[in-house]
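Participant: only geometry, no sequence info:
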Ligand code: FES
Ligand code: FES
């Protein structure tokens, strides 16, 4: 395998391997709770066992009698834990409902008591001994069931980017279309389940609160805790240098942080808390259940005349988690008329949230399945039909796309896959062992966002460079991309560059999600490199002998800082960052619109007797602008493809109207793809810089790589069997 | 309870319910071994006991009395370099977030020693007890295969 690439400069080839891999393979990387402070105490939740209602009485006597138990808390005073608010409503937390502040039980699995003990064994035992008396109320966990309450998103959250999409008169155009495709597609609720569960250790140094947390948003933790505890954000330090997977599940402050901070203050000891895996299913974000009604109108040649995408998306009773489902379906193809409508359905669950390509992959499952139906209805090849609807301008705003190489993704993918050899007739292809073979294709797009980032860069006389940057590293390769940028720019070895990320001590830590992390951080680092060259008095480009240049200044070290914003953003957005509030630019900018693009080609095989569905090979071609870090980007794409396999064939968070909450809350009952589920994944990049978007030319890669995969699998299953799969996951009973 | 961990003698007073995983992490501060589920479902906590791979979250710590425990911190040679499989994980980018990685490497070393590396499919099967949510599976198989081949060729 290649570990080096041609440098932009005259130095030796750059080592492009992941820069923090050595720490990770040796076990030396320090994740949130890999700190074992002296005298640490352990926290554990006891949780509600009803679907909804009120707590009348919590019996803590047995728990308190467990040796080693120091605290059992069933209620915090209003002045002890203030309101923080839901991340998507201007707050910082995973939901507005903070447990243990009143007697309300909104859903099964909500905490009713916190235990803190000298050992984890004692805390766990005590939490299990806690019982409660409840007043039960009727509840609803399904979006189609009685008691679910539907609101129109456009009216409920009047923000422009969440409004209905209206281009032309789509209803009239659809009604007049000679070819009409109508389908209802359902995407289940799913849980991200990063391998590292939500976990934290907190302690007080006088009035300062020190927090090690696993988070994609250290700013939310910092400002959320400051708000919740009524202290100065300057007194809260949050460190999250290594995150064991995020996938959106760690986008906001979690609910145990405030309570354990209070407990730590009361006890005068550090407190550690690791959520047991089953509790992770009820205490953090999940991808909400969605039902999509898609209607495509076309002429006999398959040319789109109208597209309509209506969505019902689950939310909680206490918060509105907004839907951006039609943001992508309205951008994928040239259509004279489009209508997108998003409705939110209140159910009795914790507030849903982000999970890798949160809206985009369900959206594309529905929309790209419908496009496949259109291809079959009009006798067009599915690749060729998509190519025929390419467009350089955004159908919604009329602005140009800053970069759109979707057609090239489709052409290159088709060639690599050998699409030409496909017999379009469903059920026509068979493997040697008798398995039915299906080949499917789907495309996808993902919005290009940018957030304000501050980067600090320092050079010392031994030639070492340290970058402190806004952004979290959770495996996507941010550290590697930053180190490679610096190494390429200055012509220095990668291992002389130290990257510090995910730490409020080094830079403000905006939420790292939405695939904007690298596209936001690299321009800031690039700007800092310019500042550094000036401070070192070296030319604006070309190799730099960093050690010599620092020595020549007569100072032991030279430190610079740079801040960058999204196109069209102002100082006000930077002020938002300083308050810990989201400040996201895009995908619509003043002069252009930015998306990442991908095409996926999938082969499925369905065994003759067992009907087991396997995915022996996938070809994915991605347009994510310039590829900043080739090794880690390819891993991102392979990972995203596997997520698509899980989404299509495995993952569903099940509910039962009799019980409330989620049922399959272990990694055994919630099956994510394992090694044996994955075979050949062939990845290619267009690798064309998108320089209108940002001077580094990079767009997001970590989510686009998943968008469309599940649709390609569903389309491949149709090709193998002749049966349309309009609900995920596809299980063997659906292909019997 | 007395055992050895990475060749060092360890002697501790333990609650009989404490898992080997919590003993390693919380008592000995050997935090390279990870907790992914605490239920035996994910493999993140894999260590070796007398050379066999075990899930340390399902193993009561008292049960390893008199036995030799090896964790990710103990697999490299005396020269504190890297075990060949650790190096292969770096070279094949067989990781992303790194959280499952210590468990993958402990399982991989055992998989090679068990002789379960006859084909890529056999490696996949015998590495399927270790979930990687980042899904670095292609790299994991490549790293285990390369290391197994090197062992077989006497490298
Ligand atoms: S932590 Fe032991 S198997 Fe998951
Ligand atoms: S590397 Fe993240 S779970 Fe495997």
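Facilitator: Happy to help now that I have it. Here the structure is a predicted model, which is why all the values come from computation and not from measurement. Ligands and ions are numbered 1, 2, ... in the order given.

Participant: what average pLDDT does stretch A:481-489 get?
Facilitator: Model confidence over stretch A:481-489, given as mean pLDDT, is 98.

Participant: how many neighbouring residues does residue A:552 have?
Facilitator: For residue A:552, the number of neighbouring residues by other Cβ atoms under 10 Å in any protein chain shown comes to 13. C-beta: built from backbone N, CA, C; applies to glycine.

Participant: hmm, I typed the wrong one, I wanted residue A:275.
Facilitator: 21.

Participant: gap between it and residue A:194?
Facilitator: As for residue A:275, its distance to residue A:194 is 11 Å (criterion: Cβ to Cβ, to the nearest Å).

Participant: spatially nearest residue to residue 64, not counting backbone neighbours?
Facilitator: Using chain A. Nearest residue to residue A:64 in three dimensions, chain neighbours excluded: residue A:72, at 5.4 Å (Cβ to Cβ, 6 or more residues apart in numbering or on different chains).

Participant: nope, chain B please
Facilitator: Excluding the flanking residues, the one nearest residue B:64 by Cβ to Cβ, 6+ apart is residue B:3, at 4.8 Å.

Participant: measure residue A:460 to residue A:368 for me?
Facilitator: The span separating residue A:460 from residue A:368 equals 51 Å under the rule Cβ to Cβ.

Participant: scratch that, residue A:555
Facilitator: Computed as Cβ to Cβ, the residue A:555 to residue A:368 distance reads 57 Å.

Participant: likewise residue A:564?
Facilitator: The separation that residue A:564 has from residue A:368, given Cβ to Cβ, amounts to 34 Å.

Participant: how near is residue A:274 to residue B:42?
Facilitator: Relative to residue B:42, residue A:274 is positioned 14 Å away (Cβ to Cβ).

Participant: also residue A:581?
Facilitator: With distances taken as Cβ to Cβ, residue A:581 is found 35 Å from residue B:42.

Participant: can you check residue B:26 too?
Facilitator: Distance, residue B:26 to residue B:42, using Cβ to Cβ: 19 Å.

Participant: who has more neighbours, the two?
Facilitator: For residue B:26 against residue B:42, the residue with the higher neighbour count under other Cβ under 10 Å is residue B:42, and the figures read 30 against 19.

Participant: wait, a strand at the more buried one?
Facilitator: No: with DSSP: H, G, I helix; E, B strand; the rest coil as the criterion, residue B:42 is coil rather than part of a strand.

Participant: quick one: contacts for the closest residue to it other than its chain neighbours?
Facilitator: Taking Cβ to Cβ, 6+ apart, and ignoring the residues beside it in sequence, residue B:42 has residue B:36 as its nearest neighbour in space, at 3.7 Å. Applying Cβ atoms under 8 Å, 6 or more residues apart in numbering or on different chains, we find residue B:36 in contact with A:195-197, A:277, A:667, B:42-45, B:99-100, B:103, B:131.

Participant: now do 10 Å
Facilitator: In this structure, residue B:36 makes contact with A:193-197, A:244-245, A:277, A:667, B:42-45, B:57, B:99-100, B:103, B:130-131, B:133, judged by Cβ atoms under 10 Å, 6 or more residues apart in numbering or on different chains.

Participant: same check, this time on residue A:337
Facilitator: Contacts for residue A:337 (Cβ under 10 Å, 6+ apart) come out as A:166-174, A:177, A:297, A:304-308, A:395.

Participant: distance of the residue sitting furthest away from the middle of chain A from residue A:461?
Facilitator: Farthest-out residue of chain A from its mean C-alpha position, per Cα atoms, centre = their mean: residue A:554, at 45.8 Å. Distance from residue A:554 to residue A:461, counting by Cβ to Cβ: 10 Å.

Participant: count of neighbours near the closest residue to chain A within chain B?
Facilitator: When you check chain B against chain A by Cβ to the nearest Cβ, the closest residue turns out to be residue B:32, at 2.0 Å. Under the neighbour criterion other Cβ under 10 Å, residue B:32 is assigned a count of 24.
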